[in-house]
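Visitor: Predicted model and sequence follow; I will ask about them next.
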Amino acid sequence: MNSINQVKKNTDGFVRRELPQNTLGEALKIVREEVGLSVERLASITNIQQKYIEAIEAGRYDQTPGPVYVKGFLRTIANVLELSPSTVISRFESEPHDFPIKETQTSISKLSFFSFVTPKVISAFIIILVALIYFGIQIKKIILPPKLFLSYPTADVILNTPEIVLSGKTEPSVIVQVNDQQVKVDAEGNFKETIDLQPGVNTLVVSAQKKRSRQTTITRRVLVQLNDVVK
């Protein structure tokens, strides 16, 4: 009744051999030998390593890459041996296996990872990363407040003249104002402006701002004591 010479027609119209009622590995070996294929020949036809075919036939699943790979091997072998792939997979799933847990998990993880990471994906990721870095730098340059340095006065000062020559440096293409009055800035960011002062305490607020950036400000207090001038 279990003779491997028996064949049956599936619902899809293809004639398939019946799988002997042995363990899956033993059954596959019986059918392989019946059709006159050596392990080496089967390995050549299916492109499955010979050691994996031998391990499956011996039921040594711990010597295979893992259940995901084994199911793929079994479908290929079933088609070559004219067996029903679904029947072979069903027999495989109904039998106990000795796959190491860690090895199984590692095999599935590697399969998922390497099926996703391809040269095209890596290239696209690098291009996107470079673009993000570039635009991030450009946006940072736009919104960050500009640098501002006063060479004079470097701190609050006391003067006995009614004016001060304020000078400093900022970045090119920056608008500099002293008490809301714009001063001229050269191509290198240098500026110098003579400011009229009143007797007493004068507060000078120097600001620098790019078109869309935040503002940088420096405040200096200048005390003018005209009465102290030596006559």
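Guide: The structure has been received and is ready for your questions.
Visitor: the helices in the chain, which residues?
Guide: Secondary structure of the chain by DSSP state H: the helices cover 24-34, 39-46, 50-57, 67-80, 85-94, 101-116, 119-143.
Visitor: Look up how far residue 185 lies from the nearest residue to residue 52 once chain neighbours are set aside.
Guide: Excluding the flanking residues, the one nearest residue 52 by Cβ to Cβ, 6 or more residues apart in numbering is residue 64, at 5.4 Å. (Glycine included, C-beta is placed from N, CA and C.) Distance, residue 64 to residue 185, using Cβ to Cβ, to the nearest Å: 74 Å.
Visitor: ditto for residue 204
Guide: 17 Å.
Visitor: Neighbour count for the two, which is higher?
Guide: Under the criterion of other Cβ atoms under 10 Å, the comparison of residue 204 against residue 185 puts residue 185 first, with 21 against 18.
Visitor: where does the protein have its least confident helix or strand?
Guide: Scoring the helices and strands of the chain by mean pLDDT, DSSP states H and E places strand 7-9 at the bottom, with a mean of 48.
Visitor: which residue packs closest to residue 16, ignoring adjacent ones?
Guide: Leaving aside its sequence neighbours, residue 16 sits nearest to residue 84 (Cβ to Cβ, 6+ apart; 4.7 Å).
Visitor: If you could redo that for residue 168, that was the one I meant.
Guide: residue 150 (4.2 Å).
Visitor: count of neighbours near the one you found?
Guide: Using other Cβ under 10 Å: residue 150 sits among 17 other residues.
Visitor: from memory residue 50 sits against residue 43, does it?
Guide: Yes: using Cβ atoms under 8 Å, residue 50 is in contact with residue 43, at 4.1 Å.
Visitor: re the thing from before, let me know how buried the residue nearest to residue 52 is, in neighbour terms.
Guide: For residue 64, using other Cβ under 10 Å, the count is 20.
Visitor: Contact partners for it?
Guide: 52, 55-56, 70, 73, 99 (Cβ atoms under 8 Å, 6 or more residues apart in numbering).
Visitor: domains for the protein, by residue range?
Guide: 7-116, 148-228 (automatic domain parsing).
Visitor: I'd like those domains as JSON lines, with distance to residue 134 appended.
Guide: As requested, the domains of the chain are exported to JSON lines (distance: least, Cβ to Cβ, whole Å):
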{"stretch": "domain 7-116", "distance to residue 134": "26"}
{"stretch": "domain 148-228", "distance to residue 134": "18"}
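Visitor: between those, which gets nearest to residue 130?
Guide: domain 7-116 (20.8 Å; Cβ to Cβ).
Visitor: By mean pLDDT, show me the worst of the domains of the chain.
Guide: Lowest mean pLDDT of the domains of the chain: domain 7-116, a mean of 81.
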